[in-house]
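> structure here, sequence nowhere to be found:
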């Protein structure tokens, strides 16, 4: 049976061709231009899993040293302390050893390092004797009340006598200056004689 070519057949055939070509054209183009056009649920499915962390890379070379900063302003100079503040204590040691004849004397200097506002009252404490109230310390832990210098023997003097404190400026026995003092010892017999100990002075 032969099909007759009619106007309706031609139109139907052309419509089919255009429909097929239109679908092919659409298949070659992206119709979605924004992720906002995709459902959030679909977006989650499209996202791949996070991959494993890669190995840490090698440490880079040390950068160049930066320029030095500006030098800060010089601070204000503090007060120069030359006089020992009131009720502050200084401590030290003394020792003397000498060879001589009977009645030879040796003098051992004691320097405070700081001046006192006034000369202290001096005390010499013979080893193993009770110190006065102004000297509430020991040879190992010397101490002195304000305005006093306390000199402690740390062992019995060897071949020596008449140990005492004196003022090296004025020379008076039993006194001290505001800068320091001296300890004197006299030989009992010919030969070696020595004395040693500690001291403390407290500013008035």
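It's in. Just so it is clear, the structure is predicted and the values come from calculations on it, not from any experiment.
> okay, CA-based contacts and neighbour counts for the rest of this
OK.
> residue 125 is in contact with residue 152, isn't it?
Yes: assessed by CA atoms under 8 Å, residue 125 is found in contact with residue 152 at 4.9 Å.
> among the two, which residue is more densely surrounded?
residue 152 (29 against 21; other CA atoms under 10 Å).
> so for the helix or strand encompassing that one, mean pLDDT?
Assigned by DSSP states H and E, residue 152 belongs to strand 148-153. The pLDDT scores in strand 148-153 average 98.
> and the very next helix or strand once past it, what does it pack onto?
Toward the C-terminus, strand 148-153 is succeeded by strand 160-166 as the next helix or strand (DSSP H and E). Other helices and strands packing on strand 160-166, by 3 or more CA pairs under 8 Å, 6 or more residues apart in numbering; DSSP states H and E, are strand 121-125, strand 180-187, strand 191-202.
> now do the first one: which elements does it pack against?
What it means is strand 121-125. strand 148-153, strand 160-166.
> circling back: relative to strand 121-125, how tilted is the strand holding residue 152?
20 degrees (axes from the mean of the first three to the mean of the last three CA atoms, to 10 degrees).
> how near is the residue nearest to the spatial centre of the chain to residue 69?
Against the mean C-alpha coordinate of the chain, by CA atoms, centre = their mean, the closest residue is residue 75 at 19.3 Å. Distance check for residue 75 against residue 69: by CA to CA, to the nearest Å, it reads 17 Å.
> ok, residue 197 next?
53 Å.
> between those two, which is the more surrounded one?
residue 197 (23 against 6).
> tell me the contacts of that one?
93-95, 139, 151-155 (CA atoms under 8 Å, 6 or more residues apart in numbering).
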